[in-house]
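1. Based on what follows, work out the 3D shape:
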Amino acid sequence: MATRIDQTVGQALPNGSRRYHEAARARIAGGVNSNVRLGSNPLCFASGKGSRLTDVDGRTYLDYALGMGPNILGHAPAAVIAEVARNLSSGQLFAGQNTLELELATEFRSCVDSAELVRFGLSGSEMVQAALRLARGFTGRPEIIKFEGHYHGWFDNIFINNSGPVAAGDPVPRVHHLQSAGQAPGASDDVVVLPWNDADALERYVAENAPRIAAIITEPIMFNSGGILPRAGYLEKMRQIASSYGIVLIFDEVITGFRVSLGGAQELLGVRPDLSVFAKALGAGFPVAALCGRRDIMELIASGRVNHSGTYNANVVSMSAALATLRELEAEDRAVYRRLESTGRALMDGIAALGRHFAADLKISGVPAAFHTCFAKHPIHDYASYSRADGARQGRFLAALLECGVRPTGRGTWFLSSTHTEEDISQTLAAVEIALPRSA
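-> Residues are numbered from 1 along each chain as shown. So this is what the prediction gives:
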């Protein structure tokens, strides 16, 4: 997730955002509080409601960034805000348990079939670390397999090969590419990077090295690089390989969880992992994350043999928000997902039709609740092919959209919320019709 989310819009950038950013850089490193928001003039927002954001100049945007995915119920969802407000008067943090934890765990288990036991935290990055530690503790093995182009958090040991050069004939496993100055060079020595969507490469490596492999961690849909779906049978093969060699299969559902389906990508795609990490849509914009999975593995945390700690874990605000969110997602036999399917499909189909009209070499991948647009003449099925897409045209397209008041993420991912309407989709397609020829 090293890609910037806020595009600059040159002279069209509202004056208020420019003035804010100039002032913020004097007090805040880079003027932002996450490096994915770095940019020469990132926008500053005053408020959000439903599908729209309003900046400090009063300009409104149809928002498809949605906080980088969490806001599945839109900005400031009434039911979640009300539940948080109702519970907050009882306190915020007890250094002990509160009844909301069990309520949420019960609700969570009813949604995610693989969640035999669950632990709650605050961020996906944190819970990925817990999952890796747990897999090593369970197997007694040191090595983790990850895939190039996949993002599993910004910690030293796993923040490798999210981006960087890839060429035909590059070795498998890949040479490590650290993503930040200051990373401990040896922190990722026990992590092996393989190409994704290549079952043969995975099978060969595991067959030769299984006695030292603790876990395979993967995004079940590759949303951090291109919204790429797994090839037919790929995740099933990964499941079979992991089971055959006693390796823990971890799904990083930080993006896909509660977004592509109530039960996550594992429900949508029909593949059951041993452990899963959820975040983002779980709290509808409030900070909360979860690690869940097989009881026999999770019991190592329960026994204290594997440590997972955190002062703010299961705080009242996070538990209230997640509980309200899951109840909204379950309501009326999952009506939210029917709306996401309808509006998202209309938007995907409309953008695809405009791409064909303008002969734009526009590629769309993903699912209606979250998809990705980019420009390429070749098929895209993994990070190497995605990295050869036309990034310059992508930047021009996204900047032109922003000038038209439409805001996907800065890497070209479009997240839908339950508050996006048919009128929103029509307005968005009108903006795409303007932006595509401008990007040529």
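2. pLDDT below threshold where in this protein?
-> Low-confidence segments of the chain (pLDDT under 70): 1-13, 40-41.
3. which residue ranges form the helices in it?
-> 15-24, 78-88, 99-111, 124-139, 199-209, 234-244, 264-269, 295-303, 316-357, 383-386, 391-403, 422-439 (DSSP state H).
4. Report how many residues lie close to the nearest residue to residue 267 once chain neighbours are set aside.
-> Closest residue to residue 267 apart from its sequence neighbours, by CB to CB, 6 or more residues apart in numbering: residue 261 at 4.6 Å. C-beta here means a position set from N, CA and C on the backbone, and glycine is covered the same way. Neighbour count for residue 261, taken as other CB atoms under 10 Å: 22.
5. From residue 76, how far out is residue 57?
-> Distance, residue 57 to residue 76, using CB to CB, to the nearest Å: 20 Å.
6. now do residue 423
-> 19 Å.
7. Pick out whichever of the two has more residues nearby.
-> In terms of neighbours (other CB under 10 Å), residue 76 is the more surrounded of residue 423 and residue 76; the figures are 15 against 10.
8. How much space separates the closest residue in space to the more buried one that isn't next to it in sequence from residue 82?
-> In this structure, residue 76 finds its nearest non-sequential neighbour in residue 49, 5.4 Å apart by CB to CB, 6+ apart. To residue 82, residue 49 is 15 Å away according to CB to CB.
9. same thing with residue 362?
-> In terms of CB to CB, residue 362 sits 41 Å off from residue 82.
10. who's more crowded, the two?
-> Set residue 362 next to residue 82 and count neighbours by other CB under 10 Å: residue 362 wins out with 22 against 12.
11. Out of the helices of the chain, which is closest to residue 374?
-> With CB to CB as the criterion, residue 374 lies closest to helix 391-403 of these, at 5.5 Å.
12. For the closest one, which residues meet the burial criterion?
-> When burial is assessed from 16 or more other CB atoms under 10 Å, helix 391-403 yields the following buried residues: 393, 394, 395, 396, 397, 398, 399, 400, 401, 402, 403.
13. helices and strands around it, which ones?
-> For helix 391-403, the packing partners by 3 or more CB pairs under 8 Å, 6 or more residues apart in numbering; DSSP states H and E come out as strand 370-375, helix 422-439.
14. Would you mind writing the CA trace of stretch 196-205 as PDB?
-> Extracted C-alpha coordinates of stretch 196-205, given in PDB (Å, rounded to 0.1, in the frame of the first residue of the first chain):
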ATOM      1  CA  TRP A 196       0.900 -15.200  -7.200                       C
ATOM      2  CA  ASN A 197      -1.600 -17.100  -9.300                       C
ATOM      3  CA  ASP A 198       1.100 -19.600 -10.200                       C
ATOM      4  CA  ALA A 199       0.100 -22.900  -8.600                       C
ATOM      5  CA  ASP A 200       3.100 -24.800 -10.100                       C
ATOM      6  CA  ALA A 201       5.600 -22.300  -8.600                       C
ATOM      7  CA  LEU A 202       4.000 -22.700  -5.200                       C
ATOM      8  CA  GLU A 203       3.800 -26.500  -5.400                       C
ATOM      9  CA  ARG A 204       7.500 -26.800  -6.400                       C
ATOM     10  CA  TYR A 205       8.800 -24.600  -3.700                       C
END
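15. what does that stretch rub up against?
-> 145, 147-150, 172-173, 192, 194-195, 216, 218, 222, 228, 230-231, 233-234, 237-238, 241, 381-383 (CB atoms under 8 Å, 6 or more residues apart in numbering).
16. out of these, which are buried?
-> Buried, going by 16+ other CB under 10 Å: 145, 147-150, 172-173, 192, 194-195, 216, 218, 222, 228, 230, 234, 237-238, 241, 381-383, out of the contacts of stretch 196-205.
17. need the contact list for the closest residue to residue 262 other than its chain neighbours.
-> What sits nearest to residue 262 in space, not counting adjacent residues and going by CB to CB, 6+ apart, is residue 111, at 5.1 Å. With contact set as CB under 8 Å, 6+ apart, residue 111 has these partners: 258, 262, 263, 326, 329, 330.
18. re earlier: from memory the residue nearest to residue 76 sits against residue 74, does it?
-> Yes - judged on CB atoms under 8 Å, residue 49 makes contact with residue 74 at a distance of 7.5 Å.
19. Could you tell me how far the residue minimising distance to the centre of the chain is located from residue 408?
-> Geometric centre of the chain, nearest residue: residue 255, 2.8 Å, by CA atoms, centre = their mean. In this view, residue 255 and residue 408 are 14 Å apart by CB to CB.
20. ok, residue 66 touching residue 418?
-> No - between residue 66 and residue 418 there is no contact under CB under 8 Å: 10.7 Å.
21. For those two, work out which one has more neighbours and name it.
-> Taking other CB under 10 Å, residue 66 and residue 418 do not tie; residue 66 has more neighbours (31 against 22).
22. List phi and psi for that one.
-> Phi and psi for residue 66, reported as degrees, to the nearest 10, are phi 50, psi 50.
23. Identify the residues contacting it.
-> Residue 66 neighbours (CB under 8 Å, 6+ apart): 72, 74, 75, 415, 417.
24. Next: residue 401.
-> With contacts defined as CB under 8 Å, 6+ apart, residue 401 is in contact with 407, 408, 431, 432, 435.
25. circling back: for the contacts of residue 66, which one is nearest residue 371?
-> So of the contacts of residue 66, ranked by how close each gets to residue 371 (CB to CB), first place is residue 415, at 8.8 Å.
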